[in-house]
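Colleague: task: produce atomic coordinates for the following.
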Amino acid sequence: MDHEQAFELLPGYIDEELSLSESLEFERHLASCERCKHAYEQQRQVIMQLRQNDLRLDAPPELVKRIRAALPVQRSWWQRVASRLGGVSGFGGTGRTSGTGGTLGWAPVGAMVVSLVALTWSAGLYLSLPAGDTHLTQELVDSHVRSLQFDHLYDVISTDRHTVKPWFDGKIDFAPPVIDLAQQGYPLVGGRLDYLNGHAVAVMVYRYKLHPINLYVWPGSEAGATPHIYERQGYHLAHWSAAGMNYWAITDAGESELNGFVTNLRAHSAS
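Modeller: Purely as a prediction, here's the structure:
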């Protein structure tokens, strides 16, 4: 890593936005480069000073009062429900009817029922996850989004599994299976290191059309050989284990596309 690359990564390192491999490479450069070490210390001191309490300015009490008076009154959920029910015929006696005799006041109740059904359905999806996987799935979603937002999708870019697999040698203490699924419509495009569930994991990156698929792999003997597909925050996740490895796949593609990826991957692994 040269000075130019180090200066580009410095803000991301300070904000803890780098991938595991990028952080390790940056730290190795920092240990042997006084110029970059000085730049890092300068930025760190600036951030520490900006976080000091004496730089904060309290607004005058009169200004605070005016701002609070201008804000809309925040009512509780039950208060809003009671307010809507109060305008419905039969609840408070203030219902209004249209010219055809229909009751207009029932419209808010219908909307409220639809909202409650949607809320119940969403809660059911969330609670369908095993208790031990809830925190892990959030980590996976965060990692997937972070890899897309900060252009950290790959540490090694290659469609050749014989290039991607050796890249992990010496970086982790296990050899992840790297499978090419280009003929099945899920080409391998690269790999990276990530930190998940308390330890370093291998990530193989595939694509389905324009949809990236992150496949996280690490050793383990968890039960769950049969894949399960979940949905969280608009992403689909699949989880299974095989041959002493844990597998988690995540993508913004649809459930059927992810299921096709998992089916092809498992069939290829078993062959």
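Colleague: wait, V164 sits on V156?
Modeller: Yes: in this structure, V164 sits in contact with V156. The criterion is CB atoms under 8 Å, and the distance is 5.8 Å. Where you see a C-beta, it was placed from the backbone N, CA and C, and this is true even at glycine.
Colleague: give me the common contacts of the two.
Modeller: 190-191 (CB atoms under 8 Å, 6 or more residues apart in numbering).
Colleague: could you check which of those two has the larger neighbour count?
Modeller: A direct count of neighbours by other CB atoms under 10 Å for V164 and V156 places V164 higher, at 25 against 16.
Colleague: got phi/psi on the more buried one?
Modeller: phi -70, psi -50 (degrees, to the nearest 10).
Colleague: show me what the helix or strand hosting L140 packs onto, helices and strands only.
Modeller: Taking DSSP states H and E as the criterion, the element that holds L140 is helix 134-149. Of the remaining helices and strands, those touching helix 134-149 by 3 or more CB pairs under 8 Å, 6 or more residues apart in numbering; DSSP states H and E are strand 188-196, strand 211-219, strand 228-232, strand 235-242, strand 245-251.
Colleague: ok, 6 Å please
Modeller: In this structure, helix 134-149 makes packing contacts with strand 245-251, judged by 3 or more CB pairs under 6 Å, 6 or more residues apart in numbering; DSSP states H and E.
Colleague: packing partners of the strand it packs on?
Modeller: Taking 3+ CB pairs under 6 Å, 6+ apart as contact, the helices and strands that strand 245-251 lies on are helix 134-149, strand 211-219, strand 235-242.
Colleague: out of the ones you listed, which comes closest to P61?
Modeller: Comparing the helices and strands packed on strand 245-251 by their distance to P61 (CB to CB), the top pick is helix 134-149, with 40.0 Å.
Colleague: parallel or antiparallel, list what pairs with the very next helix or strand once past the closest one.
Modeller: Downstream of helix 134-149, the first helix or strand assigned by DSSP H and E is strand 156-157. Counting by DSSP bridges, the strands paired with strand 156-157 are strand 188-196 (antiparallel).
Colleague: then the strand it pairs with to PDB, C-alphas only?
Modeller: What follows is the C-alpha trace of strand 188-196 in PDB, where atoms were taken according to Å, rounded to 0.1, in the frame of the first residue of the first chain:
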ATOM      1  CA  LEU A 188     -18.800 -16.000  -9.300                       C
ATOM      2  CA  VAL A 189     -17.300 -12.400  -9.400                       C
ATOM      3  CA  GLY A 190     -15.000 -12.300  -6.400                       C
ATOM      4  CA  GLY A 191     -14.500 -12.700  -2.700                       C
ATOM      5  CA  ARG A 192     -13.500 -10.800   0.500                       C
ATOM      6  CA  LEU A 193     -12.900 -11.200   4.200                       C
ATOM      7  CA  ASP A 194     -15.400 -10.000   6.700                       C
ATOM      8  CA  TYR A 195     -16.000 -10.100  10.400                       C
ATOM      9  CA  LEU A 196     -19.200 -11.700  11.500                       C
END
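Colleague: can you point out the buried residues in whichever helix or strand comes after that strand?
Modeller: Reading on from strand 188-196 to the C-terminus, the next helix or strand found by DSSP H and E is strand 199-208. Within strand 199-208, the residues that qualify as buried are 200-208, counting by 16 or more other CB atoms under 10 Å.
Colleague: equivalent analysis for stretch 175-195, please.
Modeller: Along stretch 175-195, these residues count as buried under the neighbour rule (16+ other CB under 10 Å): 176-181, 184, 186, 188-194.
Colleague: next: stretch 156-169.
Modeller: Residues of stretch 156-169 classed as buried by neighbour count (16+ other CB under 10 Å): 156, 158, 161, 164-165, 167-168.
Colleague: number of nearby residues for L136?
Modeller: 19.
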